[in-house]
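**Student:** fold the following, please.
(2 chains)
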Amino acid sequence: VDQYLEEGVTDGDVDHWVKSACVLCSNGCGCDIAVKAGRMVGVRGREEDRVNRGRLGPKGLYGSTPWSHSPDRLTRPLVREGGALVETDWDTAIGRVAAESRRLLEEKGPLSHGFYTSGQLFLEEYYALAVIGKAGIGTPHMDGNTRLCTATAAASLKESFGADGQPGSYDDVEHTDALFLFGHNVAETQTVLWRRMLDRIEGADPPVVVCIDPRRTEVAEAATRTGGVHLPIRIGTNLALVNALAHELFEHGWVDDAWVDAHTLGRSELEQKVAAYTPERAGEICGVDPDEIRRAARIFGETERVLSTVLQGFYQSHQATAASVGVNNLHLLRGMIGKPGCGLLQMNGQPTAQNNRECGADGDLPGFRNWNNQEHIKQLASLWNVDPLTIPHWAEPTHAMQIFSYAESGTIGLLWISATNPAVSMPESMRIRKILGGDQCFVVVQDLFLTETTQLADVVLPAAGWGEKTGCFTNADRTVHLSERAVDPPGEARSDLDIWVAYADAMGFTDRDGAPLVKWRTSEEWFGAWREASAGRPCDYTGLSYDRLRGCEGIQWPVTEESPDGTSRLYTDGRFPSDSDYCESYGHDLMTGAAVTEEEHRAEQLAGRAFLKGEEWTPPHETPSADFPLRFTNGRTVHHFHTRTKTGRSRRLEEAAPAPWVELAPSDAEALGLHEGEQVQVSSARGSAQATLRLREMEPGTVFMPFHYAGRGQANLLTMTIWDPVSKQPVFKTSACRVERAE
Amino acid sequence: MTALMPHLATYVALADHSEQALAESLRTVGVGHARHADLFHICGDLAALSEAHRSRLAPVVQRYGEDGDVEEPERLRGDALPQARRGEIGLLRDLQDLYLMATLVKTSWLVIVQGAQALRDHELLDIASSSQADTARQLAWLTTRIKAAAPQVLVVG
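**Tutor:** Model prediction:
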């Protein structure tokens, strides 16, 4: 197994190992935490775990523990006094938050409150916040930075199948004949999943790999090696490509007609929509050889088992939901869903993003319930014993960008941010900093460190991190792990769960009978409450308990009486959660984001069938111009996670990737007279960033920067404020820019 | 034949005019409320739909004529919004105006769909029914956006 102990620590020094799972990407690898003298000093992979079989990636190995005993940890609450943050005690800090909260509730009502969380908390914490926010305060303004990473995964699953829920399983990697990676640079984002794929690629009878990515990545190399295809398409043209692939499936009769008739709706409309997307036309739009599109389509059409994965190259790009739905369509047309090796993995970016989606601390309701379905609201109201009208459901819950817009105008007067760093991670960073730093909104931030965001807060609450608290989380293929508390948090730091419960106590939220709304204290009690909320829904946890989780090595939901060992693949019987009474969403117009009404949805009589939905490709909202002739995109590097709050404190990871860089294709660099290693300035209509130039083979006209770094090399100084109309995920990957030598 | 159907010409002109007013107003509202990035972009996309309807309709206008010289008082003929209102409540009002304009467009197409069927004019029927479907999308988006915007501005300001 992969193991790493911090310098000077040997196996013999370790006092004990504590069972957990890694939270530095969405893979959720089972691991043990090494504890020595009350400190976390290393990790090792768990050999029996179904996700990773003992392996860990570089972030997990080198980045899991060093942050925990960093001298920079926040250990006491801080409040702003005369412009500066000063240390205080918990009663004062929570008292100040509660006083502001009460004042706003009296003067402006619940809509004055906003919550912005993360993809890194535990299930119990999300559910606790969902109860407090939706039934205690009653605000629709709750979202997470999951909006930036996985909102499109959830949205595309809802549009196609009726509810969120990952159809496939990582086990499909072992059974597949072809791997399609749509905008998913798995070699950088989920290294352990990539190694699992490499086991196949380098073994006997390897699957054919098809890679859709403008850059010549490791995955692209594997595509060439396995006789597959690398399609380095232009940024902003994903939908044109998937439409062309669907066009070819229809054209060559690669559609499983009987299965499609029995299990889907919308075939003829889709066929019409994609009719114009010949490989020639798509080739022209996407800037690739039409024959390469044909070859990719043939692989999809003629291979017995295809596994597709989708990530940020689609989710954070133009027409995100429509393009991701387009991938779902390909699988539906071939009837390749719910069978070993024929899966679909709409990936997540963050380790616990799935839990935010299912527990409803983001723009969803707990248990994948439908905000537009009165019965679903009644279920929650009865679960929490509150008036159904307390639970905001008059429109779709407010998405992150809109929350910040309300905070900008001050109609959200209290914004509570937890475990995330929007001052670096959100588009158009300068605007976000102004919003957080202004007087129009009271900002509460809980974090491990004094980040770029906490520095702008009015109250800062020191949080306990991974290994310092107990809780569950669920990875990208629905695998649930329990992560045990290994050490005490430093100083007075508390878990996010304890902080929110303390706030609820201070506020005295009550249910309809005047009893306390928040009846649960420990994480295990909250897990029990969540289990009840999940009953009968697609993400059913009723067969799980802490004891059960302690005794297993990762288990995939739903886990129920009927499926006590979990569920490897969803939709094995071709029945989807699309019934009007059951579905999580009635769907949307993929172009405008207009909500489909209940009447319209009922009229379709989906009755357990999946929906084939197509949309026209349109040019991206910002296209290259004379001033900004190049296309800017950004993404991850293997050595860092998000804004480096944790990974930047690992010496090994910092040494491997200490500074940001800019990538250009060699031909573009030559035309600009720029050379490898030079300092260059990248500018868009919104701002500029500087970093060192690296040359890389990729689609000419493309400029890439990693997004992890703050300061002069901050990629989001360049990005624009625009989001997908359906998933509301910000578009990070289609800005126009220019590159020049730095002054 | 044209001369015998002055009222069809009137409706073709009404559709053309009201689509133009809707497109211009969508762009005005989108630019006027550009602080809301989604409005700026989607209003532009929706305006493009209306503009596309007008260019498809152009040859029909040639065929049936425009304005049938009929003496019929115009009681409700929407002109384009001269400018966007300000602020959040202004946005809500602007969206509501757009909704009213779009219903005028939609009923104009509805009337033309009926006429085109009676005339067995396949080209006009196709233009009118697909345009009408697009107008339904515009209305659905306006409904969704109005529902999302209303509570905050009514309750908090």
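**Student:** OK, contacts around residue A:462?
**Tutor:** Shown in contact with residue A:462 (Cβ atoms under 8 Å, 6 or more residues apart in numbering or on different chains): A:73-77, A:446-448, A:489-494. C-beta coordinates here come from the backbone N, C-alpha and C atoms, glycine included.
**Student:** and the residue lying closest to it once chain neighbours are set aside, how far is that from residue B:48?
**Tutor:** Leaving aside its chain neighbours, residue A:462 sits nearest to residue A:74 (3.6 Å; criterion: Cβ to Cβ, 6 or more residues apart in numbering or on different chains). Separation of residue A:74 from residue B:48 (Cβ to Cβ, to the nearest Å) stands at 50 Å.
**Student:** looking at these two, which is more packed in?
**Tutor:** A count of neighbours by other Cβ atoms under 10 Å in any protein chain shown puts residue A:74 above the other of residue A:74 and residue B:48, at 24 against 14.
**Student:** tell me how far that one lies from chain B.
**Tutor:** From residue A:74 across to chain B, the span is 32 Å (Cβ to the nearest Cβ, to the nearest Å).
**Student:** of all residues in the stretch 401-550 of chain A, which one is closest to chain B?
**Tutor:** Nearest to chain B, among the residues of the stretch 401-550 of chain A, is residue A:411, at 4.4 Å (Cβ to the nearest Cβ).
**Student:** residue A:111 is in contact with that residue, correct?
**Tutor:** Yes: counting by Cβ atoms under 8 Å, residue A:111 is a contact partner of residue A:411 at 7.3 Å.
**Student:** neighbour-wise, which of those two wins?
**Tutor:** A direct count of neighbours by other Cβ under 10 Å for residue A:411 and residue A:111 places residue A:111 higher, at 26 against 21.
**Student:** now do the contacts for that one.
**Tutor:** Residues near residue A:111 by Cβ under 8 Å, 6+ apart: A:139-141, A:411-412, B:151-152, B:155-156.
**Student:** in PyMOL, how would I select just the buried ones from these?
**Tutor:** Applying 16 or more other Cβ atoms under 10 Å in any protein chain shown to the contacts of residue A:111 leaves a buried subset, and the PyMOL line that selects it is:
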select buried, (chain A and resi 139+140+141+411+412) or (chain B and resi 151+152+156)
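**Student:** using the three-state scheme, assign the residue of chain B at minimum distance from chain A.
**Tutor:** Of all residues in chain B, residue B:140 sits closest to chain A, at 3.6 Å by Cβ to the nearest Cβ. The three-state label given to residue B:140 by DSSP: H, G, I helix; E, B strand; the rest coil is helix.
**Student:** thought residue A:591 was touching it, still the case?
**Tutor:** No: the pair residue B:140 and residue A:591 does not pass the contact test of Cβ under 8 Å, sitting 10.6 Å apart.
**Student:** in what helix or strand does residue A:445 lie?
**Tutor:** Using DSSP states H and E, residue A:445 sits in strand A:442-447.
**Student:** any residues of chain B in contact with chain A? List them.
**Tutor:** B:35-38, B:41-42, B:45-46, B:88, B:137-138, B:140-141, B:143-144, B:147-148, B:150-153, B:155-157 (Cβ under 8 Å from any Cβ of the partner chain).
**Student:** out of the residues you listed, which are inside helices?
**Tutor:** Under the assignment DSSP state H, the residues of chain B next to chain A contribute B:37-38, B:41-42, B:45-46, B:88, B:137-138, B:140-141, B:143-144, B:147-148, B:150-153, B:155 to helices.
**Student:** list only buried entries from these.
**Tutor:** For those, buried by 16+ other Cβ under 10 Å: B:37-38, B:41-42, B:45-46, B:88, B:137-138, B:140-141, B:144, B:148, B:150-153.
**Student:** that older thread, in strands, which of the contacts of residue A:462 appear?
**Tutor:** Counting by DSSP state E, the contacts of residue A:462 place A:446-447 in strands.
**Student:** list the residues that contact residue 32.
**Tutor:** No chain specified, so I'll use chain A. Contacts of residue A:32 by Cβ under 8 Å, 6+ apart are A:17-20, A:43-44, A:46.
**Student:** please refer instead to chain B.
**Tutor:** Counted by Cβ under 8 Å, 6+ apart, residue B:32 has contacts B:83-85, B:94.
**Student:** check residue A:425 too.
**Tutor:** A:145, A:148, A:642-643, A:707, A:716.
**Student:** for chain A, what lies in contact range of chain B?
**Tutor:** So chain A meets chain B at A:108-109, A:111-112, A:140, A:392, A:394-396, A:398, A:401-402, A:405-406, A:409, A:411, A:589, A:591-596, A:618, A:621, A:720-723, A:725 (Cβ under 8 Å from any Cβ).
**Student:** and residue A:98, how far from residue A:475?
**Tutor:** With distances taken as Cβ to Cβ, residue A:98 is found 35 Å from residue A:475.
**Student:** name the residue in the two with the higher neighbour count.
**Tutor:** More crowded of residue A:98 and residue A:475, by other Cβ under 10 Å: residue A:475, with 32 against 17.
**Student:** model confidence for the residue lying closest to residue A:638 once chain neighbours are set aside, exactly?
**Tutor:** Sequence neighbours aside, residue A:188 is the residue nearest to residue A:638 in space, at 4.6 Å (criterion: Cβ to Cβ, 6+ apart). For residue A:188, the model assigns a pLDDT of 89.
**Student:** where's residue B:18 relative to residue A:76, distance?
**Tutor:** Going from residue B:18 to residue A:76 by Cβ to Cβ gives 64 Å.
**Student:** ok, residue A:345 touching residue A:475?
**Tutor:** No: if you go by Cβ under 8 Å, residue A:345 and residue A:475 don't touch, sitting 10.8 Å apart.
**Student:** in three-state terms, label residue B:84 for me.
**Tutor:** Put simply, residue B:84 is coil when judged by three-state DSSP.
**Student:** can you list phi and psi of it for me?
**Tutor:** Dihedral angles of residue B:84 (phi, psi; degrees, to the nearest 10) stand at phi -80, psi 150.
**Student:** same check, this time on residue A:127
**Tutor:** phi -70, psi -40.
**Student:** C-alpha coordinates for the lowest-mean-pLDDT helix or strand in chain A, PDB please?
**Tutor:** Lowest by mean pLDDT, DSSP states H and E among the helices and strands of chain A is helix A:651-656, with a mean of 82. The C-alpha trace of helix A:651-656 is given here as PDB (Å, rounded to 0.1, in the frame of the first residue of the first chain):
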ATOM      1  CA  ARG A 651       6.600  21.100   1.500                       C
ATOM      2  CA  ARG A 652       6.700  18.300  -1.100                       C
ATOM      3  CA  LEU A 653       3.700  19.500  -3.000                       C
ATOM      4  CA  GLU A 654       4.900  23.100  -2.900                       C
ATOM      5  CA  GLU A 655       8.300  22.100  -4.200                       C
ATOM      6  CA  ALA A 656       6.600  20.100  -7.000                       C
END
